[in-house]
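S.K.: Predicted model, plus sequence, below.
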Amino acid sequence: MRFETPLVPARLIRRYKRFLADCRLEDGREVTAHCANPGSMMGLKDEGLKIWLEPNDDPKKKLKFGWRLVDHENGHFTGVDTSVPNRALKAALIAGEIAELAVYETVKPEVKYGEKSRIDFLLTQDGLPDCYVEVKSVTLSRAPGVAEFPDSVTARGTKHLGELSNMVAQGHRAVMLYLVQRTDCSSFTLAADIDPTYAAAFKAAQAQGVERLIYGTQITPEGVTIGQSFGAEGGGRSDGVEA
């Protein structure tokens, strides 16, 4: 997935009200950017961080910049836009690039299911059970090389796990797919200390047959593409996801 408009570098001044960020462009101008991330963004919102913004000239948008990346200035990036995983994954699913799901030919995004919810992707194929795929963007890392989810309490995420379990009980296939939007991580774990309820719900869902997939990403200021599975040979580890 390529960004629609070339990104521009900036320095973060502050992130506030969850969806707003004041930033300083290289020419010294201060602008307010939309931050498409409802999480805590722990470790990704410190003043002075180098970030990348996507400008737009859409008259319908009040804010003319969107915050897309954190540049760790060591060759690694973190994608902070939580809408990116679904866009990148849609293309990968259609192209059959997610090996565990490649047998499905039809990919339908944002399908209503459960209790007033929408599944990120419903995959269908003649002769196979329908497959419900929920996607979570992973950006937290508190130890070198280890990605964690969630970065704050997520009652919505817990609800999704219960609904995936219900789909399995009805004879369908259900997958929880964690997309690690960091290029500096090679393993994954649940942040049970941040949200023990979510961690317990994940363990229960897995026991009921909900599958889990963990994929990395390749991130540059030009775009984001799906990387290797953390469960594949050479693709890193998935430590702690069953803990």
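M.R.: Good, I have the coordinates. Numbers count the residues shown, from 1 in each chain.
S.K.: residues touching the residue positioned nearest the centre of the chain, list them.
M.R.: Among the residues of the chain, the one closest to the centroid is Ser137, at 1.6 Å (Cα atoms, centre = their mean). Contact analysis of Ser137 by Cβ atoms under 8 Å, 6 or more residues apart in numbering lists 37, 79, 82, 84-85, 179, 181. For glycine as for every other residue, the C-beta is placed from the backbone atoms N, C-alpha and C.
S.K.: Quick check on those: which are buried?
M.R.: For the contacts of Ser137, a neighbour count by 16 or more other Cβ atoms under 10 Å gives the buried set as 37, 79, 82, 84-85, 179, 181.
S.K.: which of the contacts of Ser137 sit farthest apart?
M.R.: The largest distance within those, taken as Cβ to Cβ, falls between Asn37 and Leu179 and amounts to 13.6 Å.
S.K.: shouldn't Tyr198 be in contact with Pro150?
M.R.: Yes. The pair Tyr198 / Pro150 is scored as a contact, 6.0 Å apart, by Cβ atoms under 8 Å.
S.K.: what touches both of these two?
M.R.: By Cβ under 8 Å, 6+ apart, the residues touching both Tyr198 and Pro150 are Gly157.
S.K.: The longest helix seen in the chain packs against which elements?
M.R.: Counting residues, the longest helix found in the chain (DSSP state H) is helix 155-169. With contacts defined as 3 or more Cβ pairs under 8 Å, 6 or more residues apart in numbering; DSSP states H and E, the packing partners of helix 155-169 are strand 117-124, strand 131-138, strand 173-180, helix 196-207.
S.K.: 6 Å - rerun?
M.R.: Here helix 155-169 touches strand 131-138, strand 173-180, helix 196-207, going by 3 or more Cβ pairs under 6 Å, 6 or more residues apart in numbering; DSSP states H and E.
S.K.: Show the average pLDDT along the longest one.
M.R.: Read that as helix 196-207. Helix 196-207 shows a mean pLDDT of 98.
S.K.: mind exporting the helix or strand following it as CSV, just the C-alpha atoms?
M.R.: Per DSSP states H and E, the first helix or strand lying C-terminal to helix 196-207 is strand 211-220. C-alpha atoms of strand 211-220 as CSV (Å, rounded to 0.1, in the frame of the first residue of the first chain):
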residue,chain,number,x,y,z
GLU,A,211,-6.9,-19.0,15.3
ARG,A,212,-4.2,-16.4,15.6
LEU,A,213,-1.9,-15.1,13.0
ILE,A,214,0.9,-12.5,13.5
TYR,A,215,2.4,-10.7,10.6
GLY,A,216,5.1,-8.0,10.4
THR,A,217,5.3,-5.1,8.0
GLN,A,218,7.8,-3.4,5.8
ILE,A,219,7.5,0.4,6.3
THR,A,220,9.1,3.4,4.6
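S.K.: Thank you kindly, that will do.
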